[in-house]
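Novice: Here you go, sequence then predicted model.
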Amino acid sequence: MKIVKKSDRTSKLLGILEETESVETDLLASMLDVSVVTLRRDLKTLQEEGRVMVGYGFVRLIKDEVSESVDFSKRLRTNREEKQKLAVEAIKHIKEGDVIFLDESSTCYVLATNLVRSFNSLHVITNAVHTLQALSSFRGLTVESSGGTLQYGFNSLIGPRAEQTLRNIYANKFFFSCRAFREKEGTFELSPFSASIKRIMLENSQENYLLMDHTKVGAISPFPFAKTNEIDNLIVDKDIKGLPHGKVKRVTITEEFH
């Protein structure tokens with residue numbers, strides 16, 4: 001196999017997927033003339049960037065013309081480095097055998113992609129479509145969907161069926177993000193359906209962790225779901241004005257560790 005720059009491999013890889021949409025992993029490695037190990041490293045990067053979906057034995061391109069995927073990909077790329085730091089810190093609070101809720105946020109998607117490198121036995125419950133797809137190829141994790149109706153543009157399953165399912169499930173920990181945070185009021189979402197799902201996860205978990213980059217502080221979004229005094233742990237990238245120091249059990253600032 002000749003040595004090829006990663007950028008050239010990536011361009012060729014995406015070109016193949018553009019033509020075929022979906023291809024088996026072994027065949028893709030052969031087409032690129034690289035080892036499966038090298039291909040998996042490249043795919044991991046592309047998956048974390050929201051550009052491809054990797055299933056059990058196959059790879060599929062996330063088409064730009066699908067507006068829902070475009071919206072999610074844009075959210076995933078926004079403050080990508082900060083989301084990764086939040087995920088790395090969140091991993092420290094998870095143990096083998098935990099039962100965890102993950103919300104539909106792009107931050108929790110990044111957390112999910114980190115879980116597979118760190119644990120062999122977890123039970124994950126989520127209403128996030130891309131998170132379900134990202135975890136589908138890893139046998140060590142038990143992954144459960146909330147079911148429900150697809151909420152277009154939000155990467156999530158919502159509605160009465162999803163809510164009823166989640167009301168009957170209990171978790172050790174709930175990891176979530178938000179569209180806006182205000183120190184006195186708490187967290188807010190753009191969709192009332194998303195807010196309702198997150199509220200149920202919050203109520204049915206023993207402990208919760210809000211993962212939030214600093215841009216959410218003081219932002220405006222209409223639908224509340226968690227009051228400040230209901231948040232157990234806040235993991236945030238920067239210590240700025242408006243953080244609820246003293247109002248939640250623990251505030252962790254990731255920039256202090258990087």
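Specialist: That came through fine.

Novice: Kindly check the end-to-end length of stretch 18-35 for me.
Specialist: Terminal residues of stretch 18-35 are spaced 21 Å apart (CA to CA, to the nearest Å).

Novice: Quick one: distance of that stretch to the chain centre.
Specialist: Relative to its parent chain, stretch 18-35 has a centroid offset of 26 Å by CA atoms, centre = their mean, to the nearest Å.

Novice: which residues of the stretch 101-250 of the chain fall in helices?
Specialist: Using DSSP state H, counting those that start in this stretch, the helices of the stretch 101-250 of the chain run over residues 106-115, 129-135, 160-167, 192-203.

Novice: what comes up buried for stretch 170-179?
Specialist: Of the residues in stretch 170-179, 171-179 count as buried by neighbour count, 16 or more other CB atoms under 10 Å. Backbone N, C-alpha and C define where each C-beta goes, glycine included.

Novice: Go through the helices of the stretch 101-250 of the chain and pick out the most buried.
Specialist: helix 106-115 (a mean of 24; mean count of other CB atoms under 10 Å).

Novice: That helix packs against which elements?
Specialist: Counting contacts by 3 or more CB pairs under 8 Å, 6 or more residues apart in numbering; DSSP states H and E, helix 106-115 is packed against helix 36-48, helix 67-77, helix 80-91, strand 99-102, strand 122-126, helix 129-135, strand 171-176, strand 205-212.

Novice: Could the C-alpha coordinates of the fourth one be exported in PDB?
Specialist: Below are the C-alpha coordinates for strand 99-102, written out as PDB (Å, rounded to 0.1, in the frame of the first residue of the first chain):
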ATOM      1  CA  VAL A  99     -27.800   3.300  32.900                       C
ATOM      2  CA  ILE A 100     -27.700   6.700  31.200                       C
ATOM      3  CA  PHE A 101     -30.100   9.000  29.400                       C
ATOM      4  CA  LEU A 102     -28.600  11.100  26.500                       C
END
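
Novice: Next up, the contacts around the residue nearest to residue 179 when sequence neighbours are not counted.
Specialist: Among residues not flanking residue 179 along the chain, residue 221 sits closest, at 4.0 Å (CB to CB, 6 or more residues apart in numbering). Each residue near residue 221 by CB atoms under 8 Å, 6 or more residues apart in numbering is listed here: 178-180, 188-190.

Novice: okay, these in CSV with pLDDT next?
Specialist: Compiled in CSV, these are given as follows (pLDDT from 0 to 100):
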residue, pLDDT
178, 96
179, 93
180, 95
188, 96
189, 94
190, 89
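
Novice: First-to-last residue distance for stretch 245-253?
Specialist: End-to-end distance (CA to CA), stretch 245-253: 11 Å.

Novice: Look through this protein and tell me its longest helix.
Specialist: Counting residues, the longest helix found in the chain (DSSP state H) is helix 6-20.

Novice: angle of that one against helix 36-48?
Specialist: With axes from the mean of the first three to the mean of the last three CA atoms, to 10 degrees defining the directions, helix 6-20 sits at 80 degrees from helix 36-48.

Novice: Work out the gap between helix 6-20 and the centre of the chain.
Specialist: 24 Å.

Novice: other SSEs contacting that helix?
Specialist: helix 25-32, helix 36-48, strand 58-61.

Novice: any idea which of the ones you listed is most buried?
Specialist: By mean count of other CB under 10 Å, the helices and strands packed on helix 6-20 have strand 58-61 as the most buried, with a mean of 18.

Novice: roughly how far apart are residue 82 and residue 119?
Specialist: 23 Å (CB to CB, to the nearest Å).
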